[in-house]
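*Asks:* What follows is a predicted structure for the sequence shown.
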Amino acid sequence: LDALVRGDLSRWFGADEVGKWRLLRVYRIPYAQPPQSPPTNLNRLEQMKLPDGVYACGDWTTSSTLEGVLRSAHRAADSLILS
């Protein structure tokens, strides 16, 4: 895992810089993401009826990825601003 991460980060920051870094710790967290087996419903939240003034976000609302979390937070913030 360390070598894979270093390889990716070297393309961003350069191998010389990444070579100075040291691995502190790896945490393996079982069930860290909700299950996402096909078929995946990426519009879960749009199919729910939330009461007025209630906004929801999180990886459970769309894809269980960091991108999914950010997209859902952005959608919730937009809804709040427009209300």
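*Replies:* Perfect, thanks for sending it.
*Asks:* Do I have it right that residue 64 meets residue 32?
*Replies:* No. Under the criterion of CB atoms under 8 Å, residue 64 makes no contact with residue 32, lying 9.2 Å away. To be clear about C-beta, it is placed using only N, CA and C from the backbone, and glycine gets the same treatment.
*Asks:* Neighbour count for those two, which is higher?
*Replies:* residue 64 (16 against 9; other CB atoms under 10 Å).
*Asks:* Can you tell me how far the more buried one is from residue 30?
*Replies:* 14 Å (CB to CB, to the nearest Å).
*Asks:* now residue 38
*Replies:* From residue 38 over to residue 30 (counting by CB to CB), the distance is 21 Å.
*Asks:* Check residue 5 too.
*Replies:* With CB to CB as the criterion, residue 5 and residue 30 are 20 Å apart.
*Asks:* Just the pLDDT for the spatially most central residue of the chain.
*Replies:* Central residue check for the chain by CA atoms, centre = their mean: the C-alpha nearest the mean position is that of residue 66, 1.0 Å away. Among the per-residue scores, residue 66 holds a pLDDT of 83.
*Asks:* how about it, phi and psi?
*Replies:* phi -60, psi -40 (degrees, to the nearest 10).
*Asks:* Can you show me the CA trace of the strand or helix carrying residue 68 as PDB?
*Replies:* Here residue 68, judged by DSSP states H and E, is contained in helix 66-82. Output in PDB follows, covering the C-alpha atoms of helix 66-82 (Å, rounded to 0.1, in the frame of the first residue of the first chain):
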ATOM      1  CA  LEU A  66     -15.400  10.800  -1.200                       C
ATOM      2  CA  GLU A  67     -16.600  12.300  -4.400                       C
ATOM      3  CA  GLY A  68     -20.100  11.100  -3.500                       C
ATOM      4  CA  VAL A  69     -19.900  12.800  -0.100                       C
ATOM      5  CA  LEU A  70     -18.700  16.100  -1.600                       C
ATOM      6  CA  ARG A  71     -21.400  16.100  -4.300                       C
ATOM      7  CA  SER A  72     -24.200  15.400  -1.800                       C
ATOM      8  CA  ALA A  73     -22.900  18.100   0.600                       C
ATOM      9  CA  HIS A  74     -22.800  20.500  -2.300                       C
ATOM     10  CA  ARG A  75     -26.300  19.600  -3.300                       C
ATOM     11  CA  ALA A  76     -27.600  20.000   0.300                       C
ATOM     12  CA  ALA A  77     -25.900  23.400   0.600                       C
ATOM     13  CA  ASP A  78     -27.400  24.600  -2.800                       C
ATOM     14  CA  SER A  79     -30.800  23.500  -1.600                       C
ATOM     15  CA  LEU A  80     -30.400  25.300   1.600                       C
ATOM     16  CA  ILE A  81     -29.200  28.500  -0.100                       C
ATOM     17  CA  LEU A  82     -32.100  28.400  -2.600                       C
END
